[in-house]
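Q: After the sequence you'll find the predicted model.
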Amino acid sequence: MIEKPPGPFDPGTGPGAPSADPDVHRAAAELARRVGPAVRLTVMTGAGVSAASGVPTFRGPEGLWKRYRPEQLATPDAFARDPRLVWEWYDWRRQVIARCHPNRAHEVLAAWARRFTRAIVVTQNVDGLHERAGLVDVVRLHGSIWEVFCSEACPGSPPRWRDERVPLPDLPPPCPYCGGHIRPGVVWFGEALPADAVARADAATTCDVFVAAGTSALVYPAAGFLHQARRRGAFTVEINPAATEASASVDLVIRAGAEVALDAVERHLAAHA
Ligand code: NAD
Ligand code: ZN
């Protein structure tokens, strides 16, 4: 078999092989120049980072389930009205996510967290794919679909616990402590974000480089972290195949999927290590 040497338009042929798109290649090289062990690096991720793994985003048509919009299901009112319906949706999402695997974006971020002691990943995702890629300490702004807690907050129950059964045997699942309903450990529309995660995310906006990857920059307060990082002097970067409201105000845009962009940055780092 004849092996082709890695060339400029041969993505995926070895460390340092650049992305096929010259703009992506240039932007990835620029980001690679700015990250490193001594740099305070914060990466905020959204649903787009898991898109290549097959996890449906909320805003595309694939986000619909039985003609319901997520805004009609991911709310405390919807759960109070029809806990079974809400749990059917979450049980379906858990089944979809259980079949998905972390992609190159999750892998690169987990590798950076191991190599760069000052790297922090803040995520809006609830799918657990960062953790499955080996990321140990991820700041979860919206909770986890693999955690549950008692909707009655009954005195005997822990604040939250992991339940990874797929599918769940009973819907809605009963609380093992009081017999009431448990609910998904995610933040619903209209609910407050966990204060400890917000505090850590807020502190992480004091950094040298702040990257927003796969987020539409529409959902506050998460979207506000990017602007706060900029005000605090960070070099700001957007990784997204589509333009967002934040695009015009960041220092660098990498117009590609996170799995492509972060892979390209990692290749530059490997080539210049
Ligand atoms: P969002 O508002 O974060 O938007 C997704 C963004 O990803 C869009 O801007 C899109 O252009 C971009 N994108 C698409 N493919 C991409 C890729 N390959 N690489 C990088 N970016 C890509 O997400 P949403 O779906 O509107 O969800 C809003 C909230 O709902 C999330 O913040 C989260 O809490 C929850 N949610 C979580 C998951 C998950 O855990 N994976 C999935 C759906 C929704
Ligand atoms: Zn209970």
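A: Received it, and whenever you're ready, just let me know what you need. Ligands and ions are numbered 1, 2, ... in the order given.
Q: Now do the SS call for the residue in the chain that ligand 1 sits nearest to.
A: Closest contact between the chain and ligand 1, by Cβ to the nearest ligand atom, is at residue 48 (2.2 Å). Every residue, glycine included, has its C-beta placed from N, CA and C. Following DSSP: H, G, I helix; E, B strand; the rest coil, the label given to residue 48 is helix.
Q: can I assume it is in contact with residue 240?
A: Yes: assessed by Cβ atoms under 8 Å, residue 48 is found in contact with residue 240 at 6.2 Å.
Q: got any residues that touch both of those two?
A: Shared contacts of residue 48 and residue 240 (Cβ atoms under 8 Å, 6 or more residues apart in numbering): 213, 214, 215, 216, 258.
Q: Give me the nearest residue to residue 234, chain neighbours excluded.
A: Leaving aside its chain neighbours, residue 234 sits nearest to residue 210 (4.2 Å; criterion: Cβ to Cβ, 6 or more residues apart in numbering).
Q: how many neighbours does residue 220 have?
A: Around residue 220 sit 9 other residues, with neighbours defined as other Cβ atoms under 10 Å.
Q: Now do the contacts for residue 183.
A: Here residue 183 is in contact with 79, 83, 86, 148, 149, 150, 151 (Cβ under 8 Å, 6+ apart).
Q: that's a strand at the fourth one, yeah?
A: Read that as residue 148. Yes: the assignment for residue 148 by three-state DSSP puts it in a strand.
Q: Surely it is in contact with residue 160?
A: Yes: in terms of Cβ under 8 Å, residue 148 counts as a neighbour of residue 160; the distance is 6.7 Å.
Q: Do a quick rundown of the strands in the stretch 51-200 of the chain.
A: 119-123, 138-140, 143-150, 161-162, 182-186 (DSSP state E, counting those that start in this stretch).
Q: For the residue of the chain closest to ligand 1, give me its contacts.
A: Counted by Cβ under 8 Å, 6+ apart, residue 48 has contacts 57, 213, 214, 215, 216, 240, 241, 257, 258.
Q: Check the first one and give its pLDDT.
A: It refers to residue 57. Among the per-residue scores, residue 57 shows a pLDDT of 87.
Q: which residues does it contact?
A: Applying Cβ under 8 Å, 6+ apart, we find residue 57 in contact with 47, 48, 51, 63.
Q: Output these as JSON lines; include the columns distance to ligand 2.
A: Formatted as JSON lines, these follow (distance: Cβ to the ion, whole Å):
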{"residue": "47", "distance to ligand 2": "30"}
{"residue": "48", "distance to ligand 2": "35"}
{"residue": "51", "distance to ligand 2": "35"}
{"residue": "63", "distance to ligand 2": "30"}
